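Visitor: After the sequence you'll find the predicted model.
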Amino acid sequence: FNTHPFLFYILCEITPRGCVMVGYFSKEKYSEFNFNLACICTLPCHQKKGFGKFLISMSYELSKIEGKSGSPETPISDLGLKAYNSYWQAKLIEVLSQSKQDQLSLKELCRITSMTLENVTQTLKDLDVLHYDNREGHHIAIPESLIKRYQEKRKKLEENRDRVYVRPADPKKIRWYPFHALEMNKQARKKAEEQKL
């Protein structure tokens, strides 16, 4: 199997024994279909701790830096789809509940989350908050009970001392440049050095 077209992002946990790999995801260097993740794996002994969601959130933070909307490579496994649906739903509820705007378009939700229009639309339908009527067209109506349920679930997870709780990737702590930007920079430096000679 040729791994050259991919970049691999390895997630490690710092333990008293040193850094231990808990999972990884791969991403194509150049994706024709804007896939932001090709393959994802959390090692079995580290599952149910939030590492998978961390890796998914990381792939979307990289898409934001690239200024693109992205989605995982298809087809997605049943387990992968379950993890993505959970991430997408939590992300959209978070964005909608924290928004100070009276109205948010689907396009704006795509820009904020870096999710594709297809994923945003389907997730809102799954949450049963995307409605249509003849006068207003499509509109999002998110009940307070759904927001409250999401906030209570998150609080419960954070307060559970018996369970490792991994927060999503923090964009302020990411130091990353798109692969094509690094390649362009490398070529520009090489050209500048050649001109000096």
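Guide: Right, received. Where do you want to start?
Visitor: From the contact counts, what lies against the longest helix along the chain?
Guide: Determined from DSSP state H, the single longest helix within the chain is helix 78-98. For helix 78-98, the packing partners by 3 or more Cβ pairs under 8 Å, 6 or more residues apart in numbering; DSSP states H and E come out as helix 51-66, helix 106-113, helix 117-126, helix 144-159. C-beta: built from backbone N, CA, C; applies to glycine.
Visitor: Sort out which residues of that helix are buried, please.
Guide: For helix 78-98, burial by neighbour count (16 or more other Cβ atoms under 10 Å) applies to 80, 83-85, 87-96.
Visitor: Kindly report the same for stretch 143-156.
Guide: Quick answer for stretch 143-156 (16+ other Cβ under 10 Å): 146, 150.
Visitor: who's in contact with it?
Guide: By Cβ atoms under 8 Å, 6 or more residues apart in numbering, the surrounding residues in contact with stretch 143-156 are 90, 93, 94, 96, 97, 127, 129.
Visitor: lowest-confidence helix or strand of this protein?
Guide: helix 179-196 (a mean of 75; mean pLDDT, DSSP states H and E).
Visitor: Quick one: distance of that one to the chain centre.
Guide: Relative to its parent chain, helix 179-196 has a centroid offset of 30 Å by Cα atoms, centre = their mean, to the nearest Å.
Visitor: How about stretch 101-114?
Guide: Worked out by Cα atoms, centre = their mean, stretch 101-114 lies 16 Å from the chain centre.
Visitor: Give me the mean pLDDT for that stretch.
Guide: Averaging pLDDT along stretch 101-114 gives 90.
Visitor: Can you point out the buried residues in that stretch?
Guide: Across stretch 101-114, burial judged by 16+ other Cβ under 10 Å covers 109, 110, 112, 113, 114.
Visitor: Equivalent analysis for stretch 9-29, please.
Guide: So stretch 9-29, judged by 16+ other Cβ under 10 Å, has buried residues 9, 11, 22, 23, 24, 25, 26, 27, 28.
Visitor: if you look at the residues you listed, which of them are in helices?
Guide: Checked against DSSP H, those include nothing in helices.
Visitor: Against residue 50, how distant is the nearest residue to residue 42 once chain neighbours are set aside?
Guide: Nearest non-adjacent residue to residue 42, counting by Cβ to Cβ, 6 or more residues apart in numbering: residue 23, 3.9 Å away. Using Cβ to Cβ, to the nearest Å, residue 23 is found at 11 Å from residue 50.
Visitor: Ok, residue 57 next?
Guide: The value you get for residue 57 to residue 50, if Cβ to Cβ is used, is 10 Å.
Visitor: hang on, the earlier thing: now the buried residues of helix 78-98 in JSON lines, with pLDDT and distance to residue 120?
Guide: Listed next are those as JSON lines, based on pLDDT from 0 to 100; distance: Cβ to Cβ, whole Å:
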{"residue": "80", "pLDDT": "91", "distance to residue 120": "18"}
{"residue": "83", "pLDDT": "93", "distance to residue 120": "17"}
{"residue": "84", "pLDDT": "97", "distance to residue 120": "12"}
{"residue": "85", "pLDDT": "96", "distance to residue 120": "13"}
{"residue": "87", "pLDDT": "96", "distance to residue 120": "13"}
{"residue": "88", "pLDDT": "97", "distance to residue 120": "8"}
{"residue": "89", "pLDDT": "97", "distance to residue 120": "11"}
{"residue": "90", "pLDDT": "95", "distance to residue 120": "13"}
{"residue": "91", "pLDDT": "96", "distance to residue 120": "10"}
{"residue": "92", "pLDDT": "96", "distance to residue 120": "7"}
{"residue": "93", "pLDDT": "95", "distance to residue 120": "12"}
{"residue": "94", "pLDDT": "94", "distance to residue 120": "13"}
{"residue": "95", "pLDDT": "95", "distance to residue 120": "10"}
{"residue": "96", "pLDDT": "93", "distance to residue 120": "11"}
